[in-house]
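Undergrad: I need the structure of the sequence given here:
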Amino acid sequence: MRYFKLTIAYDGTDFHGWQIQANKPTVQGEIVSVLRRLTQENVQLLGAGRTDAGVHALGQVGSFRTHSPLSALEFQRALNALLPPTIRIVAAEEKGPDFNARWSAKGKIYRYRIYRGKVVPPTLWRYVLHYPFPLDERAMADAASRYVGVHDFSSFAASTGSENDDRERNMEREILSADLKRTDDGEELWFSVHGRSFLRYMVRKMVGTLLEVGRGKLAPDDIDRLYALKDRSRSGPTVPPQGLFMVSVDHDDTFRISP
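TA: Numbering: from 1, shown residues only. Got it, this is the predicted structure:
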């Protein structure tokens, strides 16, 4: 048996998220379909994390195992030839048996893009949230820094739909870094966050809360209050998915095999 790691970029606009769903186009489903054609095996593809419908990736990571004699480079070339152009295999590597895209992941970096100009260029509208109205960006940056550390993020996560399940979930997460910066051209605000793991909709809720701070409806100090409240109705709204990107995944590469 051989083990492979794929680094994957995709435009999530036309997909119902990462995870395979019956009768709906998904990123995982598209890749699995091609892998099964290439290997003639019932290949299973694991992902480092799920992205929701409309969310994009620059560095999602997947892993699979196979008896196929194809090399990592041959897999990369064949996948890119057969996948839709909205999914690209950025890199492919052969790994050891202990590598697992999900369980070997040590952290993830996400970025959310807010376009501040008056008119969104037609080439960008799929990838940004347009907000041309006044914002206190200094207060937002202050609030963003307060996400760093180990906190209970109950106020920043979607419900599972079950009150019992919500009560039993561990809502603590560790954020290693978080910042809000203008891009060099001054047209966009980028919120970048690096964490061990994330709850569903957590990043989009964090951004919605920063926007409430920018509008003056919340203060930076309210971030700490929201941790204590554990009430998702008191934080900002869940912003739309199109501005969110999974930038990269940290992995333990101890078991890398040299080509």
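Undergrad: every contact and neighbour count from this point should use C-alpha atoms.
TA: Will do.
Undergrad: what about the helices in the stretch 101-250 of the chain?
TA: Ranges of helices in the stretch 101-250 of the chain, per DSSP state H, counting those that start in this stretch, are 137-145, 163-168, 202-214, 222-229.
Undergrad: which one of the ones you listed lies nearest to residue 18?
TA: helix 202-214 (16.5 Å; Cα to Cα).
Undergrad: tell me the angle of that closest one relative to helix 137-145?
TA: Interaxial angle, helix 202-214 versus helix 137-145 (axes from the mean of the first three to the mean of the last three Cα atoms, to 10 degrees): 140 degrees.
Undergrad: lowest mean pLDDT across the helices of the stretch 101-250 of the chain, which one is that?
TA: Lowest mean pLDDT of those: helix 163-168, a mean of 58.
Undergrad: can you pull out the low-pLDDT segments for the stretch 1-150 of the chain?
TA: Judged against pLDDT under 70, the stretch 1-150 of the chain has no low-scoring part.
Undergrad: now do the same contact list for residue 36.
TA: 42, 43 (Cα atoms under 8 Å, 6 or more residues apart in numbering).
Undergrad: number the chain from 274, please
TA: With 274 as the first residue, the last one maps to residue 309.
Undergrad: name the element it belongs to?
TA: helix 300-312 (DSSP states H and E).
Undergrad: what comes up buried for that helix?
TA: 300, 301, 302, 303, 304, 305, 307, 308, 311 (16 or more other Cα atoms under 10 Å).
Undergrad: of the helices of the stretch 374-523 of the chain, flag the one that's most buried.
TA: helix 475-487 (a mean of 24; mean count of other Cα atoms under 10 Å).
Undergrad: if I pick residue 290, what's in contact with it?
TA: Applying Cα under 8 Å, 6+ apart, we find residue 290 in contact with 299, 300, 323, 324, 325, 326, 327, 328.
Undergrad: typo on my end, it should be residue 485
TA: Per Cα under 8 Å, 6+ apart, neighbours of residue 485: 491, 509.
Undergrad: mind saving the C-alpha coords of the helix holding residue 309 as CSV?
TA: The C-alpha trace of helix 300-312 is given here as CSV (Å, rounded to 0.1, in the frame of the first residue of the first chain):
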residue,chain,number,x,y,z
VAL,A,300,-14.7,19.3,-4.2
GLN,A,301,-14.0,16.0,-2.4
GLY,A,302,-16.5,14.2,-4.7
GLU,A,303,-14.8,15.5,-7.9
ILE,A,304,-11.4,14.5,-6.8
VAL,A,305,-12.5,11.0,-5.6
SER,A,306,-14.2,10.4,-8.9
VAL,A,307,-11.0,11.0,-10.8
LEU,A,308,-8.8,9.1,-8.4
ARG,A,309,-11.1,6.0,-8.8
ARG,A,310,-10.8,6.3,-12.6
LEU,A,311,-7.0,6.5,-12.4
THR,A,312,-6.5,3.7,-9.9
